[in-house]
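>>> When you get a sec, could you give me coordinates for this:
(chains A and B)
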Amino acid sequence: MGSLGSLRTRAVAAVAAVGALSLVVGCSSGDDSVTGGGKKDGKTVITMGMYGVMGIKETGLLEKYEKENPDVDIQAEIAGDEQTYYTALQTRLAAGKGLKDIQGIEIGRAKEITETQADKFADFSKTAGTDHFLPWKESQISTEDGKVLGLGTDIGPMAVCYRKDYFEQAGLPTDREEVAKLWAGDWKKYVEVGRTFKKDFKGDDVAYMDAASGLFNAMVYGYPEQYYNEQGDLIHETNPAVKEAWNLAADAGEEGLTAKLRQFQPGWDPGLANGTFATAVCPAWMLSHISEKAGEANKGKWDVARAPKGANWGGSFLGVIEQSPVKEEAKKLVAWLTAPEQQAHIFKEIGNIPSSEQALQSPDVKNAKSEYFSDAPIGQIFGAAAQEIPDKQVLGRKDGTIKDLFSQGLTLIEQGDSRDEAWKTTAERIEKAVG
Amino acid sequence: MATSTTKARTGEEPPGRTGAAGTARRRGALMHRLDVKGAPYVFVAPFFVVFAAFSFYPLVYTSWISLHDVELATLDVMEWVAFDNYVELWGDSRFWNALQNTITIGVISTVPQLMMALGLAHLLNYRMRASLFFRVASLVPYATSVAAAALVFTMIFERDFGMINWALGTVGIDPVNWEADKWPAQAAISTIVIWRWTGYNALLYLAAMQAIPADRYEAASLDGASRWQQFIHVTVPGIRSTIVFTIVLSTIGATQLFGEPLIFGQGPNGITGGADNQYQTLGLLLYEEGWKNYQMGRSATVAWAMFMLLVLAFVAQRLIKRLRSRTS
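Predicted coordinates for the structure are as follows:
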């Protein structure tokens, strides 16, 4: 009995020890350690990581490519929120594990990627048939030594989306040409119209615009330099463009012209659905969000008018990871996805404006109308707005972070802080975030 | 076990005896002694191996990182800054703000939570119909994922179209800006915490209550004690150690409060705990430094500060206990 007992103890002890060891070792293996896809059962598996509504999966382009290339299997994963997506991407780049073959890159992160991660992305500078982009688009994702880390998807020219029915109730014109004339050339006039709206609107409580931060972004992105100068120094505190945008947005916030919402955050979507505000400064890619969240009930109530000034807010790239086992195939896929025809297709389906000059010139894009937005000729409106975007656009390493912090600073004003206090807080936060 | 102990004792050979049989026996005895004395260590080893890999090593590595200036994207580029990060944190108003929020949210979520759990456990302890159903039901919030719970509560507390503001409106109270104002936001977050953990603590109390011998209650009722007096004088003293245990657990939980406020704010506002940091906890500050600003060194410093705070809290608690027992 005794020896049997001790034998059992020993066996159990051995199993326990092995078990513990395998637990420790087990962590280092698993799916996340592999980068990208590979060849499986004679098929080339290409993995993709994207965020938001880039339109690539949503408009059926991936299936089309798979149909044309039967030996390719594409697995796309889409994160809702770009901030979450980018954080995960950073972690994986640092670890060198768990990456997809193709990764989406938002414009606010382009500079950081080109400065710190250039060696981890494949070079597109020698890829044939990629000379159809707007001149500034490609330079945003190029390193100093001429490496191109990705190809452009969409860009973000601006317009103003507005509710025709509310404008009528406020005694304002409703025709998109006349509406555009109200504020042509100056964002100050846009706020001025808001004051009239607030005074004359008859009906329930409806704010003129959704959020002060929307106006701020639209103004700031109309200048070649925003938070950094060309040398890469921070100029957010001294740049007159930033100060001007801040003051006008603060005016709007203090005077109660905004619905005090935060874009893309809780409250904004129900605000769209229930119509708590009359206008929103809208980059092209925002149209799909508005039509989806405002819903069928508001179809035809919205319209699009030209913005006072041109600006570029947002836009993305697709990059390929250097160590991907199917790098060449992935590059081929990216080149195809960003080719003029495909960009035009995405625009027609959901309204993301092409970054390809060739696609912008195509009749498909030029003549496009949006049924949801009262048949507005969005091809012409955004196409013209795209031409007004400054040819030079200086990006900075922490653009995305700084933009978020300014948005929060304006929220502080909407919540009752004085603008000086909010500015001071924002400056301190930026100092801490980027320092 | 008894057999092996006797065998171990008889296995002790008197010294001086030699011979082949003796050596074999001695070897057997050695193996046996190893078996008896060593086996427990092997049995507890898995925990310590896992502890070393997943708790101790990260702890040491975190402290190492906290002495450096290092960014998430370039973890291999580290710059030694000694205790600069700690000095900076000490002078950082965000840290004190986060600490204060952690304490206030911790208090307004833990105190009512444990009181309610005690009451709930007391009720569940009565003989009643479908008691199993109620016991299982009380555990359901705990089993719900924090993300799901927080999302639902976010909608309930929404400013313009949330249920609570709607309900307030029907009785003529102005809508409350739950997310933007400090105390409403903290109260809303505590509500999520309370909702999730009350049932869990109640079951712990219930288990302890059932171990109280029934004759104590009988004696108490013979003495004419009411239900309430029984609760105060029999139940609560009977489960005192469990109460202390839940307080410890809740304190640790409150220090690490993270998911609820993060999802309550959503997006960039969740990470900073509101536009004014009005509900940023230490956990969120850690996340903001590490995964929004990508400053791993500063993030690790916050992590260590949190750890030290917990240690301090327990040392203080011990001291108070010892002082008390000395004075009484």
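>>> Tell me which residues touch A:A94, please.
Each residue near A:A94 by C-beta atoms under 8 Å, 6 or more residues apart in numbering or on different chains is listed here: B:72-75. To be clear about C-beta, it is placed using only N, CA and C from the backbone, and glycine gets the same treatment.
>>> and the residue nearest to B:L262 when sequence neighbours are not counted, what element?
With C-beta to C-beta, 6 or more residues apart in numbering or on different chains as the criterion, B:L262 has its nearest non-adjacent residue at 4.5 Å, and that residue is B:G270. Taking DSSP states H and E as the criterion, B:G270 maps to helix B:267-271.
>>> so how far is that helix from its chain's centroid?
Distance of helix B:267-271 from the chain centroid (C-alpha atoms, centre = their mean, to the nearest Å) equals 24 Å.
>>> if we look at that helix, which residues are touching it?
For helix B:267-271, the external contacting residues (C-beta under 8 Å, 6+ apart) are A:81, A:83, A:262, A:264-265, A:404, A:407-408, A:411, B:179, B:261-265, B:275, B:284, B:287-288, B:291-292.
>>> How many neighbouring residues does the residue in the stretch 101-250 of chain A positioned nearest to chain B have?
When distances are taken as C-beta to the nearest C-beta, the stretch 101-250 of chain A reaches nearest to chain B at A:T116, 4.9 Å away. A total of 19 residues lie near A:T116 under the criterion other C-beta atoms under 10 Å in any protein chain shown.
>>> Now do B:T144, the pLDDT please.
Among the per-residue scores, B:T144 holds a pLDDT of 89.
>>> Once you drop chain neighbours, what's closest to it?
Among residues not flanking B:T144 along the chain, B:R196 sits closest, at 7.0 Å (C-beta to C-beta, 6+ apart).
>>> how close does that neighbour get to chain A?
Per C-beta to the nearest C-beta, to the nearest Å, B:R196 is found 20 Å from chain A.
>>> quick one: pLDDT of A:G36?
Reading off the confidence values, A:G36 has pLDDT 78.
>>> so which strand or helix has it?
Assigned by DSSP H and E, A:G36 falls within no helix or strand.
>>> which ones are touching the closest residue in space to it that isn't next to it in sequence?
By the measure of C-beta to C-beta, 6+ apart, the closest residue to A:G36 outside its immediate chain neighbours is A:D101, 3.7 Å from it. Applying C-beta under 8 Å, 6+ apart to A:D101 gives the contacts A:35-37, A:46-48, A:320-321, A:324-327, A:330.
>>> Return the closest of those with respect to chain B.
Lowest distance from chain B to the contacts of A:D101 (C-beta to the nearest C-beta) belongs to A:I321, with 14.5 Å.
>>> For the closest one, grab the count of nearby residues.
Neighbours of A:I321 under the rule other C-beta under 10 Å: 24.
>>> Tell me who's in contact with it.
A:35-36, A:99-103, A:120-122, A:327, A:330.
>>> Got a PyMOL select line for the buried ones in these?
To isolate the buried ones among these in PyMOL, judged by 16 or more other C-beta atoms under 10 Å in any protein chain shown, type:
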select buried, chain A and resi 35+36+99+100+101+102+103+120+121+122+327+330
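>>> And whichever residue of chain B sits closest to chain A, how close does it get to B:A52?
Taking C-beta to the nearest C-beta, chain A has its nearest neighbour within chain B at B:P46, 3.5 Å off. Relative to B:A52, B:P46 is positioned 11 Å away (C-beta to C-beta, to the nearest Å).
>>> if you count what's nearby, which of those two comes out ahead?
Each of B:P46 and B:A52 has its neighbours counted (other C-beta under 10 Å); B:P46 has more, 18 against 12.
>>> quick one: that one is in a helix?
Yes: under DSSP: H, G, I helix; E, B strand; the rest coil, B:P46 sits within a helix.
>>> per-residue confidence for it?
Here the pLDDT value assigned to B:P46 is 92.
>>> Check A:I389 too.
Looking at A:I389, the pLDDT reads 89.
>>> Go ahead and confirm it touches A:N312.
Yes: judged on C-beta atoms under 8 Å, A:I389 makes contact with A:N312 at a distance of 4.4 Å.
>>> Give the residues shared as contacts by those two.
Both A:I389 and A:N312 are in contact with A:155, A:157, where contact means C-beta under 8 Å, 6+ apart.
>>> So for those two, which sits in the more crowded spot?
Neighbour totals were compared for A:I389 and A:N312, and A:N312 leads with 27 against 23 (other C-beta under 10 Å).
>>> If that one is in a bridge, with which residues?
Counting by DSSP bridges, A:N312 forms beta bridges with A:P157.
>>> Which residues are in contact with it?
Applying C-beta under 8 Å, 6+ apart to A:N312 gives the contacts A:155-158, A:221, A:283, A:389-390, A:393.
>>> next one: B:I108
So B:I108 contacts B:186-187, B:190 (C-beta under 8 Å, 6+ apart).
>>> so where's the chain uncertain?
No chain in the question, so chain A it is. Scanning chain A for pLDDT under 70 picks out A:1-34.
>>> actually chain B
B:1-21, B:328.
>>> Output the contacting helices and strands for the longest strand along it.
What stands out as the longest strand in chain B, according to DSSP state E, is strand B:74-80. With contacts taken as 3 or more C-beta pairs under 8 Å, 6 or more residues apart in numbering or on different chains; DSSP states H and E, strand B:74-80 sits against strand B:68-71.
>>> Show the residue spans covered by the helices in the stretch 151-300 of chain B.
All helices of the stretch 151-300 of chain B, identified by DSSP state H, counting those that start in this stretch, fall at B:163-170, B:182-210, B:214-222, B:227-230, B:236-238, B:240-255, B:259-265, B:267-271, B:282-291, B:296-327.
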